[in-house]
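**Q** Test case, fold it:
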Amino acid sequence: MENTCEKTDKMAGLDQNIINKGPELLDIIDFSMDKVYKDYPVKMLPKILHKRTGNAMKCLFEDIDINLYEKEARMITFFTNVERIHPWIKTLDLFYYDHMGNNDKFDIKWYDVPATWSDPNNNNNSIVIEILDKEQALQFNITFFVTTGTIRVQGSKYMTFVHSHFPVLTQILAKVIDNATHATVEEQFDLDQTLKDVYDNTVSSKLDDSLTSIKSTIHQAIIQTASQQSNEYTKLMTAITTSCETLTTIIKANPRAKDQSEVTSLQKTISTLRDSLLHLENQLKIQDGNIQIERSNNEVNIKSLQSLLDETRKQLKQSCETSQYEFNQYTEKIKVKDNEIQQLTQKIQKLKKKSGHSPG
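**A** Residues are numbered from 1 along each chain as shown. Here you go, the predicted structure:
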C-alpha cells in the first residue's frame, strides 16, 4: 500500500461517531473492501496461518492481556484468524491511515516489509504502521504479521493504544465485517437478476436447467459459508467449480449471453465463494491436524511408557537371575567348605586315636 493519503474532513471524529453510533456513520465512511483486496490480494496471504512463537503463543484472540510482557517491554500482542486478516487491514487503514492521517497532530507512516511479498508463506511478511507526533517523535508502532495473524503494538505510548484506540478499532472491525456480510446478501439479489438476464438471451431448456442448478448451488454456498455450518467443504467446492465450468460453457455456446458485466458479476461471486470455502476448509484441516497431533503425542507417550515398563521388567529379570546365580555359587562354596571340614575332622580323630596308643 502506498504511504500517502489525500487530506479530507470526512474521517474527523471517527472514534466519536462509532462510539456514539452516529446515524451518519455509514454515509461518511467507505467500508468497501475493494481497495484492500486490490492492495493485498488473497494470493499474497497464506492459506493457513503459521504457528506463533515466544510469548505470542499465549496472546489472546482479538483481546489484550497487558500482563503478557514485562512493563519495561512497552508492548502488547493479540492475534486474529486467517478469515479476518483483510477486515483487520481495512480497520487499521480506516482508523490510522484515513482518520489519524488527516489529523495535523500526527504523522502516519504505513509500509510493507518486505516492500514486495513474493512468497505468501514468508514469515517476514508484515504491515508496519508508525504513529508519530508533529515533532516526528514515535508514539508507538503497529506490526501486523500476516503469516501468523499476530498484531504487535510497541512504543512509549503503547497504553494509549490499549485504552483509547483498541476499543474503537474493535467497533470499526465489527462494522467492516457487518458491511461485508450485507454485501454478500446483496450479491445474492444481484445474482437473481443477472441469471434472469442471461436466461432471457437463451431459449434452450438445457440452459434453463444449468442456470437453475448454478443459482441453487451458489445460493446454498452463500448460506453455508456465512453460517460456517457445513462440514462437506470438498463437495461444496466441487459443486461451485462445476457451476463455474458450466457457466463458461454456456457463455461460449450462446454469444447473446456474453454481456461482460453479467459474466463478471457471476464469476466474481463464484470466485469469492471459492476463496471463502478454501479458508473454511483450511480451518477444518487445522482443527483435524491438531487432533492428529494430540493423538500422535499420546501414542508417543504410550510407547515411551511401554518401553520404560519393558526395560524395567528386563532389568528386574536380570537382577533376579543374577541373584539366583550368586545364591547357587554360594551354596556350592558352602558344600565344598563343609566337605573340607568333614575331612579335617576325620583327620583330627585319627590323630587322636594314634596319639592314644603311643607308649607312655
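**Q** Over to the closest residue to Met100 other than its chain neighbours: give its phi and psi.
**A** In this structure, Met100 finds its nearest non-sequential neighbour in Phe106, 4.9 Å apart by CB to CB, 6 or more residues apart in numbering. Just so you know, the C-beta spots here come from the backbone N, C-alpha and C atoms, and that holds for glycine as well. When quoted as degrees, to the nearest 10, the phi and psi of Phe106 stand at phi -130, psi 160.
**Q** Phe106 reaches Gln136, doesn't it?
**A** No: using CB atoms under 8 Å, Phe106 makes no contact with Gln136, being 10.4 Å away.
**Q** Of the two, which one has the most company?
**A** The residue with more neighbours, out of Phe106 and Gln136 and counting by other CB atoms under 10 Å, is Phe106; that gives 15 against 8.
**Q** so where is the stretch 101-250 of the chain shaky, pLDDT-wise?
**A** In the predicted model, the stretch 101-250 of the chain carries pLDDT under 70 at residues 181-250.
**Q** which residues of it fall in strands?
**A** Taking DSSP state E, counting those that start in this stretch as the criterion, the stretch 101-250 of the chain contains strands spanning 106-113, 126-133, 138-145, 150-154.
**Q** Roughly how far does the residue nearest to Ile151 when sequence neighbours are not counted sit from Trp110?
**A** Taking CB to CB, 6+ apart, and ignoring the residues beside it in sequence, Ile151 has Phe144 as its nearest neighbour in space, at 5.2 Å. Here the distance between Phe144 and Trp110 works out to 10 Å (CB to CB, to the nearest Å).
**Q** the domain parsing of the protein - what is it?
**A** Domain assignment of the chain by automatic domain parsing yields the ranges 14-177, 201-301.
**Q** and among the strands of the stretch 101-250 of the chain, the most buried is which?
**A** Comparing those by mean neighbour count (mean count of other CB atoms under 10 Å), strand 150-154 ranks first with a mean of 22.
**Q** Which strands border that one, and is each parallel or antiparallel?
**A** According to DSSP bridges, strand 150-154 has the following sheet partners: strand 75-79 (antiparallel), strand 138-145 (antiparallel).
**Q** In TSV: these, plus distance to Lys352.
**A** As requested, the strands paired with strand 150-154 are arranged in TSV below (distance: least, CB to CB, whole Å):
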stretch	distance to Lys352
strand 75-79	101
strand 138-145	103
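**Q** Could you pull out the helices in the stretch 101-250 of the chain for me?
**A** With DSSP state H, counting those that start in this stretch applied, the stretch 101-250 of the chain shows helices at 158-160, 166-200, 205-227, 233-253, listed in chain order.
**Q** Please point out which parts of the first one sit buried.
**A** So the one you mean is helix 158-160. Along helix 158-160, the positions that meet the burial threshold by neighbour count (16 or more other CB atoms under 10 Å) are Tyr158.
**Q** list the helices and strands that helix packs on?
**A** strand 138-145 (3 or more CB pairs under 8 Å, 6 or more residues apart in numbering; DSSP states H and E).
**Q** Let's see that with 10 Å instead.
**A** Where contact means 3 or more CB pairs under 10 Å, 6 or more residues apart in numbering; DSSP states H and E, helix 158-160 is packed against strand 75-79, strand 138-145, strand 150-154.
**Q** Could you dump these into a markdown table with distance to Asn328 added?
**A** Compiled in a markdown table, those are given as follows (distance: least, CB to CB, whole Å):
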| stretch | distance to Asn328 |
| --- | --- |
| strand 75-79 | 68 |
| strand 138-145 | 70 |
| strand 150-154 | 69 |
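**Q** Out of those strands, the one nearest Gly101 is which?
**A** strand 138-145 (13.4 Å; CB to CB).
**Q** okay, the angle between the closest one and strand 126-133?
**A** Using axes from the mean of the first three to the mean of the last three CA atoms, to 10 degrees, the inter-axis angle of strand 138-145 relative to strand 126-133 is 170 degrees.
**Q** Next, the angle from strand 138-145 to strand 106-113.
**A** Calculated by the same axes, to 10 degrees, strand 138-145 forms an angle of 30 degrees with strand 106-113.
**Q** send the alpha carbons of strand 138-145 over as CSV?
**A** Extracted C-alpha coordinates of strand 138-145, given in CSV (Å, rounded to 0.1, in the frame of the first residue of the first chain):
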residue,chain,number,x,y,z
LEU,A,138,7.5,8.0,17.6
GLN,A,139,4.5,7.3,19.9
PHE,A,140,4.2,3.6,19.0
ASN,A,141,4.3,1.3,16.0
ILE,A,142,1.9,-1.4,15.0
THR,A,143,3.3,-4.5,13.2
PHE,A,144,0.8,-6.9,11.6
PHE,A,145,2.5,-10.2,11.0
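**Q** Give the rounded mean pLDDT of stretch 293-304.
**A** The average pLDDT within stretch 293-304 is 76.
**Q** tell me the pLDDT at Asn328?
**A** Reading off the confidence values, Asn328 has pLDDT 82.
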